[in-house]
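Student: Let me see the structure of the following:
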Amino acid sequence: MRGLRGLGYGFLNTALGLYLIGIGYSLLQVGLAVTVAGFSSAMLILVSGILADRVGKKIFLVLSSLLMAALGAIYSLSTVFPILLVGAALGGAGSAGGGVPGGGPFGPSQQALLADKVKDEERNAVFSINAFVGTVLFSIGAVLGGLPDLLSSFGLDRLLVYRILFLVFMTLGFLMSLLSYFVQEARPRRHRPRQEDVKLIGKFTLTAALNGLGFGFLPLPLLTLWFRLTFDTSESSISLMVGAFTVVSAFSFFLSPKLAKRIGAIRTVVYTRIIGVILLASLPMIPFFSIASVVYVLTGIFVSLGMPLWQSYMMGVVESEERATAVGVTSGLGWGIPYATSPTISSYIMQEVNSSMPIYISAALQTSSNAAYYVLFHKVRPPEETR
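Tutor: Prediction:
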């Protein structure tokens, strides 16, 4: 299911900005669509995370998949902007994909169920494999984002190709809802949250908020537009670059468990993110698309490498009865709302001030998040590191 979701949102995240610009909407409207989707996704993540620990996780896997199908149906049938905003809100366009912590209401249940079903010693490896599958399929979806540009050169109508791909996206949502029905889970137990867990969730939420704000200044739909505006390159070239970014990032996940065993999960996350942020900040200084695309791919290795460890670490230090809640609060309230707020501001800055400034702002905010993460958690060791 993580792979199917990644496939659909890989296409959507790559093509959304290009599609909206292609049918006549502005940069600011692209940012607004991503913002609306982000706020909706944040609320869905928050509510589903809290409720999943109390009423069951399976129902939210089904719901998330049906919302994905609704987005695909709306985008395949309409080009009216208010209707497209409704679709974005339902399906979390640009913000609920395979490559971000939230994953819509799918995320909290998926991460909690995964942690419930494996031993502590296996958790980092299993989360890395899960992230690998999702990211590889996300990269294939990103390459599909270049099909309208490619097929239009053979005489096919670009808008028709987009509509067909949105119908495929809808079908993936329905398939995921069917698969979700067969997931098994234990009956939720009534419990009172530990004070220690409440404090931990608060700390995770703080670091996630800084991170979400930083990534929100540079969501994929706006980043693909930045490459288009800066280097005047084709949609297919950008889609291939995004595909390469996600493929290389996916294979880097196999290094995560090994590095975590050697230097610990926290140091792995922090050290690799430092390198990734430095590479990100260097992008506006590069004059050629070929070199910038290589640097962008390298950025993906270091920024993404710690993501499964971040998720696995949180699942390890929080009690099992509060795992979905932890994901819901940190990804919805922490990551999701700041991430949703940033794109409209970022798109305005790109359009009216300087197209590269959001990259520097994003790098600064990610650095702040990284520093806070180390200060708050470097003394909190997960179970597998205390044995």
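Student: List the contacts of I274.
Tutor: Counting by Cβ atoms under 8 Å, 6 or more residues apart in numbering, I274 makes contact with T367, N370. Backbone N, C-alpha and C define where each C-beta goes, glycine included.
Student: Recalculate using a threshold of 10 Å.
Tutor: I274 sits next to F302, Q366, T367, N370, A371, Y374 when contact means Cβ atoms under 10 Å, 6 or more residues apart in numbering.
Student: Now do the same for it: helix, strand or coil?
Tutor: I274 falls in the helix class when you classify it by DSSP: H, G, I helix; E, B strand; the rest coil.
Student: how close does it get to T299?
Tutor: 12 Å (Cβ to Cβ, to the nearest Å).
Student: pLDDT below threshold where in the stretch 251-387 of the chain?
Tutor: 387 (pLDDT under 70).
Student: Helices of that one, residue ranges please.
Tutor: 255-263, 265-282, 289-304, 307-317, 323-328, 337-352, 357-377 (DSSP state H, counting those that start in this stretch).
Student: what does the stretch 101-250 of the chain give?
Tutor: Assigned by DSSP H, counting those that start in this stretch, the helices in the stretch 101-250 of the chain fall at 106-116, 120-144, 147-152, 158-181, 195-216, 220-231, 235-252.
Student: among the ones you listed, which is the most enclosed?
Tutor: Ranked by mean neighbour count, those are led by helix 106-116 with a mean of 25 (mean count of other Cβ atoms under 10 Å).
Student: Can you tell me which helices and strands that one packs against?
Tutor: Counting contacts by 3 or more Cβ pairs under 10 Å, 6 or more residues apart in numbering; DSSP states H and E, helix 106-116 packs against helix 2-22, helix 27-55, helix 58-77, helix 120-144, helix 158-181, helix 307-317, helix 323-328.
Student: could the ones you listed go into CSV alongside distance to I349?
Tutor: As requested, the helices and strands packed on helix 106-116 are arranged in CSV below (distance: least, Cβ to Cβ, whole Å):
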stretch, distance to I349
helix 2-22, 15
helix 27-55, 10
helix 58-77, 27
helix 120-144, 25
helix 158-181, 28
helix 307-317, 26
helix 323-328, 31
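Student: just so I know, which of those lies nearest F289?
Tutor: helix 2-22 (15.8 Å; Cβ to Cβ).
Student: Quick check: mean pLDDT of that closest one?
Tutor: Taken as a whole, helix 2-22 carries a mean pLDDT of 85.
Student: could you dump that helix to PDB, C-alpha only?
Tutor: Taking only C-alpha atoms (Å, rounded to 0.1, in the frame of the first residue of the first chain), the coordinates of helix 2-22 have been written out as PDB:
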ATOM      1  CA  ARG A   2       2.900   2.400   0.700                       C
ATOM      2  CA  GLY A   3       4.200   1.600  -2.800                       C
ATOM      3  CA  LEU A   4       0.900   2.200  -4.500                       C
ATOM      4  CA  ARG A   5       0.400   5.500  -2.600                       C
ATOM      5  CA  GLY A   6       3.900   6.600  -3.600                       C
ATOM      6  CA  LEU A   7       3.300   5.800  -7.200                       C
ATOM      7  CA  GLY A   8       0.200   8.000  -7.300                       C
ATOM      8  CA  TYR A   9       1.600  10.900  -5.300                       C
ATOM      9  CA  GLY A  10       4.900  10.800  -7.100                       C
ATOM     10  CA  PHE A  11       3.000  11.800 -10.300                       C
ATOM     11  CA  LEU A  12       0.700  14.200  -8.500                       C
ATOM     12  CA  ASN A  13       3.500  16.100  -6.600                       C
ATOM     13  CA  THR A  14       5.600  16.400  -9.700                       C
ATOM     14  CA  ALA A  15       2.800  17.400 -12.100                       C
ATOM     15  CA  LEU A  16       0.500  19.500 -10.000                       C
ATOM     16  CA  GLY A  17       2.300  22.800 -10.400                       C
ATOM     17  CA  LEU A  18       3.000  22.200 -14.100                       C
ATOM     18  CA  TYR A  19      -0.600  21.200 -14.700                       C
ATOM     19  CA  LEU A  20      -2.100  24.200 -13.000                       C
ATOM     20  CA  ILE A  21       0.200  26.600 -14.800                       C
ATOM     21  CA  GLY A  22      -0.500  24.800 -18.100                       C
END
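Student: What angle do helix 106-116 and it make with each other?
Tutor: Following axes from the mean of the first three to the mean of the last three Cα atoms, to 10 degrees, one obtains 160 degrees for the angle between helix 2-22 and helix 106-116.
Student: Buried residues, helix 2-22. List them.
Tutor: When burial is assessed from 16 or more other Cβ atoms under 10 Å, helix 2-22 yields the following buried residues: 2-22.
Student: quick one on the thing from earlier: specify which member of the contacts of I274 is nearest to L223.
Tutor: For the contacts of I274, the nearest to L223 is Q366 (13.8 Å; Cβ to Cβ).
Student: Name the residues that touch stretch 170-178?
Tutor: 1-9, 11, 61-77, 91, 106, 137, 141.
Student: Pull the distance from it to the chain's centre.
Tutor: Distance of stretch 170-178 from its chain centroid, counting by Cα atoms, centre = their mean, to the nearest Å, is 19 Å.
Student: same question for that stretch, mean pLDDT?
Tutor: Regarding stretch 170-178, the rounded mean pLDDT is 93.
Student: Count the neighbours of L333 for me.
Tutor: Neighbour count for L333, taken as other Cβ atoms under 10 Å: 20.
Student: I'd guessed it sits against F39; true?
Tutor: No - using Cβ atoms under 10 Å as the test, L333 is too far from F39 to be in contact (11.5 Å).
Student: Quick check: the closest residue to Y373 other than its chain neighbours vs A186, distance?
Tutor: Closest residue in space to Y373, ignoring its immediate chain neighbours: T207 at 4.5 Å, by Cβ to Cβ, 6 or more residues apart in numbering. Noted for T207: a distance of 30 Å to A186, by Cβ to Cβ.
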